[in-house]
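S.K.: curious how this folds, go ahead:
(chains A and B)
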Amino acid sequence: AQKITQTQPGMFVQEKEAVTLDCTYDTSDPSYGLFWYKQPSSGEMIFLIYQGSYDQQNATEGRYSLNFQKARKSANLVISASQLGDSAMYFCAMREGRYNTDKLIFGTGTRLQVFP
Amino acid sequence: NAGVMQNPRHLVRRRGQEARLRCSPMKGHSHVYWYRQLPEEGLKFMVYLQKENIIDESGMPKERFSAEFPKEGPSILRIQQVVRGDSAAYFCASSPIRQVSGANVLTFGAGSRLTVL
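M.R.: Okay, the predicted model is just below:
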């Protein structure tokens, strides 16, 4: 069974608008972490935001926020006030606590295109 | 404080040749992870190493692939007798010693792009 699911292969958003990128996950481990990474066309992987399974509040980092709905097992990334430089691939990833490592399992990604 | 350094950034090999990809983790990081990204796909875990130890190689193909992280020097991902299907981006990530609480964030290198002709 796929552990991280990103159902949107591609998304378009107009500059200055907000956009939500979907991510659902599957785990039986009560302790886990959820991550979002950005991969621009240059190819590097850039960490954006982290949410722990026991965190009471949704994580925020500047224009990025994570809409964490534990019962639904979803961890959607919200980008507010989109900028042209936000155009990139976005990957959701999960770390399961039982393995006691920082190993991540990645989704297949969503390609975001921001247009003027 | 330099980030995770990978080299070469681009490597071209003919079928049957060997490919060696190197990764120097961030200063102070002792854990290295290797991932492979096929075109238009997400990253797939390959192997997790600490100095002189392979901790988890559950994602490594059974043949032709090996990895090491010696006491001194970078981590090496070695692919013997490359085939066209090995063409991919190979990413290395590092992290510090795991904390009891909180999150370690994997810091990725820029990747090494292998093309097999």
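S.K.: tell me who's in contact with the closest residue to chain A within chain B.
M.R.: Going by CB to the nearest CB, chain A is nearest to B:Phe108 of chain B, at 3.8 Å. Using the backbone N, CA and C atoms, a C-beta is placed for each residue, glycine as well. By CB atoms under 8 Å, 6 or more residues apart in numbering or on different chains, the contact set of B:Phe108 is A:37, A:44-47, B:4, B:91-93.
S.K.: residue contacts, whichever residue of chain A sits closest to chain B?
M.R.: Across chain A, the shortest distance to chain B (CB to the nearest CB) belongs to A:Met45, at 3.8 Å. By CB under 8 Å, 6+ apart, A:Met45 lies in contact with A:37-39, A:91, B:43, B:91, B:93, B:108, B:111.
S.K.: what do you get for A:Leu104?
M.R.: A:35, A:93-95, B:33, B:43, B:45, B:106.
S.K.: where does it land on pLDDT?
M.R.: At A:Leu104, the model reports a pLDDT of 91.
S.K.: read off the pLDDT value for A:Tyr99.
M.R.: Reported pLDDT at A:Tyr99 in the predicted model: 67.
S.K.: A:Gln2 too?
M.R.: 62.
S.K.: up against chain A, what does chain B have?
M.R.: Residues of chain B that fall close to chain A, judged by CB under 8 Å from any CB of the partner chain: B:31, B:33, B:35, B:41-45, B:48, B:55-56, B:89, B:91, B:93, B:95, B:98, B:102-111, B:113.
S.K.: from those residues, list just the buried residues.
M.R.: B:31, B:33, B:35, B:42-43, B:45, B:48, B:55, B:89, B:91, B:93, B:95, B:103-111, B:113 (16 or more other CB atoms under 10 Å in any protein chain shown).
S.K.: now residue 92. Nearest residue, chain neighbours left out?
M.R.: Since you didn't name a chain, this refers to chain A. Spatial nearest neighbour of A:Cys92, excluding adjacent residues (CB to CB, 6 or more residues apart in numbering or on different chains): A:Cys23 at 3.5 Å.
S.K.: chain B was what I was after
M.R.: Distance criterion CB to CB, 6+ apart; nearest residue to B:Cys92, sequence neighbours excluded, is B:Cys23 at 3.3 Å.
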